[in-house]
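> Only the shape, not the letters, is given here:
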Ligand SMILES: Cc1ncc(COP(=O)(O)O)c(C=O)c1O
């Protein structure tokens with residue numbers, strides 16, 4: 001008889017909720033079903049969308065004899081890193097001109113966060129045994145997991161969402177910042193906050209920066225949706241550019257999953273803005289060693305698509321048009337959902353649906369109402385977050401009818 005496995009004590013981990021939701025949706029044989037869980041763009045036909053500009057660039061790449069499958073440098077494709085950094089900071093950013101801002105290609109936005117976390121854990125010189133890392137409440141859950149995996153043990157939350165009024169709890173957020181230990185690390189969502197769809201105004205961002213200065217808070221910006229909030233990547237870069245203009249050192253984690261539709265190509269960039277050029281060089285050299293030992297070097301394809309697009313004015317314009325198509329469809333779905341809920345007289349104030357921005361809406365539906373919807377083959381996170389792109393002109397009626405029933409029949413968690 002063979003001896004028991006050396007791993008017999010390994011416990012079964014809980015499934016990752018958002019992936020499980022899609023698996024449940026796929027296994028559902030109902031004719032009418034809606035997946036509002038996954039964070040990916042869908043067309044009005046409910047299909048994934050390869051951006052036309054990406055198709056054109058890929059067609060060119062396929063016949064380019066100069067391209068091959070050699071390793072990229074450890075820090076990634078140089079043209080991509082430069083263009084991605086310019087995209088978030090602006091071409092004329094002083095930090096770029098002074099050579100104290102630079103990019104490191106990463107395995108999408110998650111990988112950029114992972115590099116930021118590892119770098120801060122090792123080299124943030126204000127780090128004590130347990131420097132607190134603050135994430136918004138609520139947030140995209142992986143932020144906490146990624147920073148924990150890098151070694152941070154004191155993960156905390158700052159107030160962000162005012163559930164009563166369904167808006168930003170700005171006062172609470174500032175209070176939590178001002179009460180945080182000096183030199184704490186705060187992770188902010190650069191734009192299109194996930195899951196609430198609520199961003200600070202420009203004036204509020206200035207207040208947030210002031211609080212950072214007062215408490216010597218180190219800001220990490222998670223920018224997974226540049227271009228998705230307003231349709232204009234420059235407008236959505238406000239918070240990142242503000243921190244840089246105000247003289248902060250900052251780490252900015254960019255993803256090109258959503259704004260280029262390159263989800264599975266895992267294209268991201270960690271933009272590092274430091275006090276001076278020599279500091280940036282030294283820090284980048286350490287990130288290079290971190291990458292070397294973690295995954296050696298990044299993949300090429302997606303980074304080449306992004307770089308070729310951003311480097312060519314005609315392709316860049318086409319990309320901006322594609323981005324506009326996506327953000328406009330989301331805004332249209334917000335308007336349609338809002339007007340249909342109101343026309344039906346569904347109890348509650350639904351104005352937050354049109355006031356929120358970006359891919360997600362925090363509907364205010366509670367966990368029991370979400371369960372009720374699941375029985376009607378509508379899949380969303382128990383927090384009530386929905387991906388607006390999962391809604392289409394054809395499934396809107398079905399969704400609204402069922403939300404109406406859920407809100408009317410399921411109160412206080414009971415049917
Ligand atoms: C807030 C936030 N940050 C980062 C990411 C990272 O995404 P990816 O690793 O696919 O680029 C996501 C994706 O959903 C997100 O919502």
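Yes, it's here. Everything numeric here is computed off the predicted structure, so don't read it as measured data.

> So which bits of the stretch 201-350 of the chain are right by the ligand?
222, 224, 255, 257, 268 (C-beta under 6 Å from any ligand atom). The way it works is simple: take the backbone N, C-alpha and C, and place the C-beta from them, glycine included.

> again, only using 5 Å
222, 224, 255, 257 (C-beta under 5 Å from any ligand atom).

> and which of those is nearest to residue 5?
residue 257 (36.6 Å; C-beta to C-beta).

> Next, the closest one: secondary structure please.
Under DSSP: H, G, I helix; E, B strand; the rest coil, the three-state class of residue 257 is coil.

> any low-confidence regions in the stretch 1-150 of the chain?
Low-confidence segments of the stretch 1-150 of the chain, defined by pLDDT under 70: 1.

> Could you rerun that using 90?
1-3, 15-19, 38-39, 125-130 (pLDDT under 90).

> Would you map the strands across this structure?
34-35, 101-107, 133-137, 155-159, 161-162, 167-168, 185-189, 218-223, 250-255, 267-273, 360-362, 378-379, 385-387 (DSSP state E).

> Any idea which of the ones you listed gets closest to residue 74?
Closest to residue 74 of those, according to C-beta to C-beta: strand 101-107, at 9.0 Å.

> List the buried residues for that closest one?
101, 102, 103, 104, 105, 106, 107 (16 or more other C-beta atoms under 10 Å).

> Nearest to the ligand, out of those residues: which one, please.
Distance ranking of the buried residues of strand 101-107 against the ligand, using C-beta to the nearest ligand atom, places residue 107 first at 7.4 Å.

> wait, what's in contact with the residue lying closest to that closest one once chain neighbours are set aside?
Leaving aside its chain neighbours, residue 107 sits nearest to residue 266 (4.7 Å; criterion: C-beta to C-beta, 6 or more residues apart in numbering). Listed by C-beta atoms under 8 Å, 6 or more residues apart in numbering, the contact partners of residue 266 are 107, 108, 111, 257, 298, 299, 302.

> Report pLDDT for residue 164.
At residue 164, the pLDDT value in this model is 88.

> count of residues packed around it?
7 (other C-beta atoms under 10 Å).

> measure it to residue 199 for me?
Per C-beta to C-beta, to the nearest Å, residue 164 is found 19 Å from residue 199.

> So which bits of stretch 89-97 are buried?
89, 90, 93, 95, 96.

> Need the max-distance pair from the residues you listed.
Pairwise over these, using C-beta to C-beta, the maximum falls at 90 and 95, 9.6 Å.

> What residue in the stretch 201-350 of the chain comes nearest to the ligand?
Closest point on the stretch 201-350 of the chain to the ligand, by C-beta to the nearest ligand atom, is residue 255, at 3.1 Å.

> For that residue, which non-adjacent residue is closest in space?
residue 109 (2.8 Å).

> Who are the contact partners of the residue nearest the centre of the chain?
Geometric centre of the chain, nearest residue: residue 224, 3.2 Å, by C-alpha atoms, centre = their mean. Counting by C-beta under 8 Å, 6+ apart, residue 224 touches 109, 140, 189, 192, 194, 253, 254, 255, 257, 258.

> So which bits of the top helix by length along the chain are buried?
When the chain is parsed with DSSP state H, its longest helix is helix 313-344. The neighbour-count check on helix 313-344 (16+ other C-beta under 10 Å) flags 315-316, 318-320, 322-323, 326-327, 329-330, 333-334, 336-338, 340-341 as buried.

> what residues are up against residue 89?
95, 96, 101, 237, 240, 241, 244, 252, 271, 273 are the contacts of residue 89 under C-beta under 8 Å, 6+ apart.

> gap between it and residue 135?
Per C-beta to C-beta, residue 89 is found 23 Å from residue 135.

> Repeat that for residue 403.
29 Å.

> one step back: going by neighbour count, which of the residues of the stretch 201-350 of the chain next to the ligand comes out on top?
Going by other C-beta under 10 Å, residue 222 tops those with 29 neighbours.

> Now do the same contact list for it.
109, 113, 140, 143, 187, 188, 189, 190, 253.

> 7 Å - rerun?
109, 113, 143, 187, 189, 190, 253 (C-beta atoms under 7 Å, 6 or more residues apart in numbering).

> now swap in residue 161 and tell me
137, 138, 169, 196, 362.

> Now distance to the ligand and neighbour count too, for those, in JSON lines please.
As requested, these are exported to JSON lines (distance: C-beta to the nearest ligand atom, whole Å; neighbours: other C-beta atoms under 10 Å):
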{"residue": "137", "distance to the ligand": "14", "neighbour count": "16"}
{"residue": "138", "distance to the ligand": "11", "neighbour count": "17"}
{"residue": "169", "distance to the ligand": "18", "neighbour count": "20"}
{"residue": "196", "distance to the ligand": "11", "neighbour count": "28"}
{"residue": "362", "distance to the ligand": "13", "neighbour count": "23"}
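
> From the residues of the stretch 201-350 of the chain next to the ligand, pick the one nearest residue 28.
residue 257 (25.4 Å).

> pretty sure that closest one contacts residue 263?
Yes - using C-beta atoms under 7 Å, residue 257 is in contact with residue 263, at 4.5 Å.

> before we move on, back to that, ok, the residue nearest to the centre of the chain to residue 238 distance?
For residue 224, the distance to residue 238 - C-beta to C-beta - is 16 Å.

> for the ligand, what are the nearby residues on the stretch 1-150 of the chain?
39, 108, 109, 110, 140.

> Isn't the fourth one up against residue 142?
Yes - when contacts are counted by C-beta under 7 Å, residue 110 is listed as touching residue 142 (6.2 Å).

> Who has more neighbours out of these two?
residue 110 (21 against 16).

> Look up how far residue 74 lies from that one.
For residue 110, the distance to residue 74 - C-beta to C-beta - is 19 Å.

> same check, this time on residue 296
7 Å.

> So for those two, which sits in the more crowded spot?
residue 74 (17 against 10).

> separation between that one and residue 287?
In terms of C-beta to C-beta, residue 74 sits 9 Å off from residue 287.

> Over to residue 305?
For residue 305 relative to residue 287 (C-beta to C-beta), the value is 23 Å.
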